[in-house]
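*Asks:* What follows is a predicted structure for the sequence shown.
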Amino acid sequence: MRGRIGSAFMALGLLLLLAAVALLVYNKWDDYRAGRSAAEIQAALESAAAENETSRSTEQVGDLLETIEIDGYEYIGTLTIPTLELELPIMEEWSYPGLKIAPGRYTGSIWTDDLVICGHNYTWHFGNLKYLEAGDGLSFTDVNGNVLQYQVEEVIILQPTDVEEMISQASGEWDLTLFTCTIGGQTRVTVRCSRTA
């Protein structure tokens, strides 16, 4: 009887270990896939912007952001974070399915200095935001080629329920805010930036 119980626990332990390994492999594959998808979209975005260069306006009207459609999603531009060696396409509106492809606009605009961008914590998306430091530079290039420069002012942790603080603080103090979930989704790594040019 003891032998059967021991064998059952061994089998259960082995099964749980295999499940953990399978989950780890899936997460790594999903991270790789997301990075590859973002790179492919970024290349398509650059190509589409170059093709439409002559037909696009360089003057911004109001706070609206022009978009380019790629594979059924609208993109407003590119976020470049040299410290993290990232260049990411940014979707016009965030959605859970969209975050598997690229970060998205949560609220605001570059033209009203209150843009908030959310992204998945994939390594090749926003997973390394926690490593940014005050003074690090980044830029946002819209689909018309307008480049806005920013500087990181602070990196803070917010609770998932601090949506009001995320939005109100962004519209009042910060020109650009980036955020992502921490591993496990318990908190949000939030990067506050001010515009420098």
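*Replies:* Structure received.

*Asks:* what ranges do the helices span in this protein?
*Replies:* For the chain, the helices defined by DSSP state H occupy 2-51, 96-99, 163-172.

*Asks:* what's the distance between the first one and the middle of its chain?
*Replies:* Going by C-alpha atoms, centre = their mean, to the nearest Å, the spacing between the C-alpha centre of helix 2-51 and its chain's C-alpha centre is 19 Å.

*Asks:* just the second one next, same as before
*Replies:* If you compare the mean C-alpha spot of helix 96-99 with that of the full chain, they lie 10 Å apart, counting by C-alpha atoms, centre = their mean.

*Asks:* helices or strands next to that helix in the packing?
*Replies:* Taking 3 or more C-beta pairs under 8 Å, 6 or more residues apart in numbering; DSSP states H and E as contact, there are no helices or strands that helix 96-99 lies on. For every residue, glycine as well, the C-beta is placed using N, CA and C.

*Asks:* What residues of it count as buried?
*Replies:* 98-99 (16 or more other C-beta atoms under 10 Å).

*Asks:* Need the contact partners of it.
*Replies:* 73, 91, 104, 118-120, 125 (C-beta atoms under 8 Å, 6 or more residues apart in numbering).

*Asks:* hmm, try it at 7 Å
*Replies:* By C-beta atoms under 7 Å, 6 or more residues apart in numbering, the surrounding residues in contact with helix 96-99 are 73, 91, 104, 119-120.

*Asks:* Confidence-wise, which of the helices of the chain is weakest overall?
*Replies:* For those, mean pLDDT drops lowest on helix 163-172, to a mean of 65.

*Asks:* any idea which residue sits dead centre in this structure?
*Replies:* Nearest residue to the geometric centre of the chain (C-alpha atoms, centre = their mean): residue 119, 2.5 Å.

*Asks:* these two touch, right, that one and residue 125?
*Replies:* Yes - counting by C-beta atoms under 7 Å, residue 125 is a contact partner of residue 119 at 4.5 Å.

*Asks:* overlap in contacts of these two?
*Replies:* Here residue 119 and residue 125 share the contacting residues residue 103, scored by C-beta under 7 Å, 6+ apart.

*Asks:* Buried among the contacts of helix 96-99? Make that a ChimeraX selection.
*Replies:* Buried residues among the contacts of helix 96-99 (16+ other C-beta under 10 Å), as a ChimeraX selection:
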select :73,91,104,119,120
